[in-house]
Structures are given as C-alpha cells and as structure tokens.
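> need a structure here:
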Amino acid sequence: MNIKKEVQDFWNGCVELTRSLLRSTELKQVLLWCIPALIVGFALRAVLLVQMPYGFIQYDTPDFLTTPYQFLAKHHLVIHGKKSFLTPVFFLLPFILHIPALIFIPLAQNIMGLLGVVLAGGLVRLWFKQWRWFIVPVTVLIAGNPFAIWYEKTLMGEANFLFFALLLAVFGTLWAKNPCKQTFVLLLLGLFLNAGTRGEAKLYFAFGLALIPLVLWRQWGSILLHWAITLVVMVGTFHISETSHAPSLLYATLVHLTPDHLRFEPDIAPYVLPLRDRYRQEWVERQGELVQVAKVINRAIEPYVKEHYPAKHGKRNREMAADVFQRLCLDVLVSNPVGVALVPFGKFQQATDGWSSGVFDEGYLDRHQKNAATRGKWMTQVLSKGLTGTQMDDMEMKSFIDAHYDPKRIQWFADYQKAWNFGMIALRLPDRPMIKKRWVHDYVPGVPGGLATNPGMPFFYILAFAGMLAMMLRSGQLREAQVAWILATLFVWWSATLVGVTNARFRFVYEPQCILFIFALIDCLWDWASRLVGSKAPKETKETVECTTS
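Residues are numbered from 1 along each chain as shown. Model (predicted):
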C-alpha cells in the first residue's frame, strides 16, 4: 500500500469535490433564493449592532472565559469542566489577536448566524421536493428569529451550537448523496466540531452512527469499517470534552424514581432513600431546581464516596462521585424505564411558553451583567482589557456597562421577541391551572397566569413533530439523511431535557429546525396529493382510450 499515493489521491479528491460544489447549480440556487432572508437577517443584526455595539456578558460567560484567563495568566490551555472545547477556544481568539472580545465575538456569531441561514436553505434545497415554494419563507423565518439573534449577541455557546448543528446536517446529507471518502471526512468533521459547542451536542454522534447503515445498506464490511472510524473519533472527542456534572444533574432529575433496592450501588441506600422520599413529595414544584437538588445530593453522599471510593488511578473525588451517580441512574433506569422515558415530556411542556432566550431589559443588561462581569477579580484584572480594549477594575467595568448598554434604546427588540413568542404559542391545546406553581429556570412569561398555569402544547411543536414523521415515511429525496437526522435530533432533545433543569433554553437549537419541519409537512402532503392525483389520471385516460378503441 502506497501511503503517499493514497494521501495524494485523497487530496485530489478533496480539490475536485470542492470545485464541483462551488460550480454546482444547487449552490447557486441556494445562494440566489436565500437573498431575501440574508437581507432581513442582516438588517435586524445591523440595527441591533448600532444600538448596542458590545456583546452581552451572561452569568454563564465566565465559565467560557476561564480558557482566556488561564491562557493569559498562567499560559495553560484549560477548558472549564462544565463546558465543551470549541466555544472556549473560539472565545480565546480575540484575546490573542488583541481585538476587543465584546465586539469580535458577537460580530463573528452574527456572521455564523447568516451563514446558518444559507445552510438551512441548503437543507430545504436538498430535502424538499417543492423547494422553490418553501426556501424563502423557511430561511426568512430562521434569519429573523430574535432568540437566535439574542444568543449571537451573547457570549455563550448556543449560537455556535445552532450553526454547527446545521452544518452537520448538511455534511451528513452530502455524504448520503455521494458516499465517498471526502464526504465521509466532512461528516466526521461536522460531528467533531458540533460536539465541541455544548455538552449534549456530543450525542449527535448518534446521527453518524444511524446514517452509516442507512446509506451503506447491506454492505456489512463497509458499515463495520465506517462505524469503527466514527467510534474512534467519538471516543477521542469525548475524551477531550469530558464533563463530570452531567451524571449528578441526571440523578437529581431521577431521584424521585429511585427504587427501594439498589442493585449496582446497594450500600448507598441509607444516604439517598431519605432524599428520594423528600423530593418525591416536592417533585412538581422542585423538578426545575436541579442544580440545587444536585448540590444537596452531592453533599449527602460525599462521606459515602470518600469511604468507599477514595481517589485513585488519578481520579479526583468529584470524578469518583460521577461514577457513583452513573450507577444510581442505571438502577433507576432498570427498575423504571417507562418513568424515565416520560420525565422529559413533563419538563418540556412546563417550559413551552417561556422564551428560549433571555431578554435585553434592565435586569439582564444592568444587574445580571454587572454581577457576571465582576464575578471574580480575574474577570477585570486579567480580562477587562481583552474584553473592552481598556484595563478596568470592578467599578470601572460597572461604569462601562452603564455607559454602553441602554435597554430603552433596544426596547423594540424585546417587543419583537415577545411578539415572536406569542406567534409560536398562540395556537395551543387548552391551558390548565397548576395545583402548585411550576418552576422554570430563567422564565420569561408566556401564557396568562404565568407559573400558576400549565401551558397547553403549542401547535407549533405538534406540527413540527408531524413533519418529522412525514419526512421519515416519505420515499426518496435523500430520505436516509432525513431519517437519521430526525432520530438523532429527537434523541438529543430528549436527553438534554432529561438531564437539564426545566428551562426553555434547552430547546433553542431545535426551534429553527421545527420551522423547517413544519414546512416539510406541507411539502410531504403536497407530494402525496400530487401522487394521488397522478395515479388516478393515467388510469382514467387508459380506460377512455380502451373504450374508444372498442
């Protein structure tokens, strides 16, 4: 085997693939038909940029900025234990380039947002049969999504997650359309980059694993080889993006389902069963407060972990506790799989009316942002110059926020978010009063009655799920990619809702996809109606001809 020749052939294939994509009629069509959406998206982002030039520091932002801090102060490349690798490294770039991060990051994310519109248009072009009818409304709605624009303006990982998720869907579809080495590398690259944006994004490796057998049907040798390569990339990606807090949050979600008899961690029963009984009584109103519940459980089992699992093999006590939580979750799953499966549906519905983003009001821009920007001395002492271009102390940073963030100037954007959310939830199943108030993290009110009302399921999601089902049932039109993507998306969405707090934010990346799936439902119905009419027409014509001939 001539490795040099193999590499050269692969490179030549990459060059030829790039040229063919750039020359393709499909790409030209997508760019042309996305022009209205790009104009709308650019206008909204430009107006917001003029009125609020700097990005927003949210309370999770310091976790992402741990990487620039460690790099500048200690010359180490460190990723915060709760975050994946890509977004923190991306946030490091402006500090290295000496460009104010509060200007560079939102601008870069705005560009990602507009490129994401083109990617969504590409999916419509590839997946829809009547794509000319739907590409403009789908892309305009995705470009004008105010929740996406809010995250682009905010120093968080959500904007990156949305962009790389759409990129992954396109890469996977390209491989399904032309399964060669070069497009498979694109698929692996998409899986890797997407996994670096958020913790749950790593689960999108399920997309690649599901897509491979669908595309390479009955080619068992090729399936096993592609699976092996994908698993190697997946294990490597998981290794560089390990997080240890997910198991504790997951068990905090499931603690009320803990069985009386534990198989995999029997000696821990005296430590967790009293907590199970306590939270079982409070589950309705406390299921959203998972962070606090997880902290209580962590403190309760800490003596048990230190006694039974002293730190060893390079593992710290926190990592040993994560292993214990995994076994507790396994106990719950084995004893009550149906209960576990249903938990995310209740959490999802309780947050369906809330905004999937925050709001640029006085509370967020003033109090919350000042607390986040001065959460640690290092935020100002080490990072203030890289963030703003000027070295500041805590008081000067707060003065900077007062001077450059005026919620009154961008009140229109908050009104736009409110109108958008109302449009999503206005048509829904009947609301019901709650016996006890629900608890939704970062809740921005949606339905009348607020937290005292259990919102009915919006038709927005019902139609989107119907569109997913229709796409999986329809033949042709790159169905393999659609089936794998929809199954993976539902799996990741379900998993994120299961593990996370009751929070509308966890559905943010799926809302733009729901827009696409709603229009896909119309496309499928159109296709089926056309086939039904077409199947009848030839038969009637044939019968007429036979009758005339006789």
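
> poorly predicted segments of this protein, please.
Counting by pLDDT under 70, the chain shows low-confidence ranges at 1, 241-245, 282-289, 311-318, 537-550.

> do you know how far V185 is from G116?
For V185, the distance to G116 (Cβ to Cβ, to the nearest Å) stands at 22 Å. No exception for glycine: its C-beta is placed from N, CA and C like everyone else's.

> what's the answer for G476, then?
If you measure G476 against G116 using Cβ to Cβ, the figure is 26 Å.

> quick one, which of the two is more surrounded?
With neighbours defined as other Cβ atoms under 10 Å, G476 and G116 compare such that G116 has more, 26 against 7.

> next structured bit after whichever strand or helix holds that one?
Here G116 sits within helix 101-127, counting by DSSP states H and E. Note on helix 101-127: by DSSP H and E, the next helix or strand toward the C-terminus is helix 131-143.

> that next one vs helix 101-127, what angle?
Going by axes from the mean of the first three to the mean of the last three Cα atoms, to 10 degrees, helix 131-143 is angled at 160 degrees with respect to helix 101-127.

> helix 131-143: what's the following helix or strand?
In N-to-C order, the element after helix 131-143 by DSSP H and E is helix 146-152.

> in that following helix, what counts as buried?
Of all the residues in helix 146-152, those buried under the rule 16 or more other Cβ atoms under 10 Å are 146-152.

> could I get those residues as JSON lines with distance to N12?
Shown next, in JSON lines, are these (distance: Cβ to Cβ, whole Å):
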{"residue": "P146", "distance to N12": "45"}
{"residue": "F147", "distance to N12": "43"}
{"residue": "A148", "distance to N12": "38"}
{"residue": "I149", "distance to N12": "41"}
{"residue": "W150", "distance to N12": "44"}
{"residue": "Y151", "distance to N12": "40"}
{"residue": "E152", "distance to N12": "37"}
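
> quick check, nearest of the residues you listed to P266?
If you rank those by distance to P266 using Cβ to Cβ, Y151 comes first, at 44.2 Å.

> next, the contact list for that closest one, please.
109, 158-159, 162, 357, 508 (Cβ atoms under 8 Å, 6 or more residues apart in numbering).

> so A294 versus R276, what's the distance?
For A294 relative to R276 (Cβ to Cβ), the value is 14 Å.

> which stretches of the stretch 301-450 of the chain form strands?
432-433 (DSSP state E, counting those that start in this stretch).

> phi, psi for N454 please.
Taking degrees, to the nearest 10, you get phi -90, psi 110 for the backbone angles of N454.

> excluding its backbone neighbours, what's nearest it?
Spatially, and ignoring its direct neighbours in sequence, N454 is nearest to R432 (4.7 Å; Cβ to Cβ, 6 or more residues apart in numbering).

> that neighbour contacts M457, correct?
No: in this structure, R432 is not within contact of M457 by Cβ atoms under 8 Å, at 11.1 Å.

> between those two, tell me which one has more neighbours.
More neighbours surround M457 than the other of R432 and M457, with 16 against 11 (other Cβ under 10 Å).

> OK, contacts around that one?
349, 352, 428-429.

> got it, and G55?
G55 neighbours (Cβ under 8 Å, 6+ apart): 101-103, 105-106, 153-155.

> can you redo these as CSV with distance to K177 and neighbour count?
Listed next are those as CSV, based on distance: Cβ to Cβ, whole Å; neighbours: other Cβ atoms under 10 Å:
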residue, distance to K177, neighbour count
A101, 39, 26
L102, 41, 22
I103, 39, 17
I105, 34, 27
P106, 34, 25
K153, 35, 26
T154, 35, 23
L155, 36, 24
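
> domain parsing of this structure, as residue ranges.
Annotated domains of the chain cover 24-54+100-239+468-530, 246-350 [automatic domain parsing].
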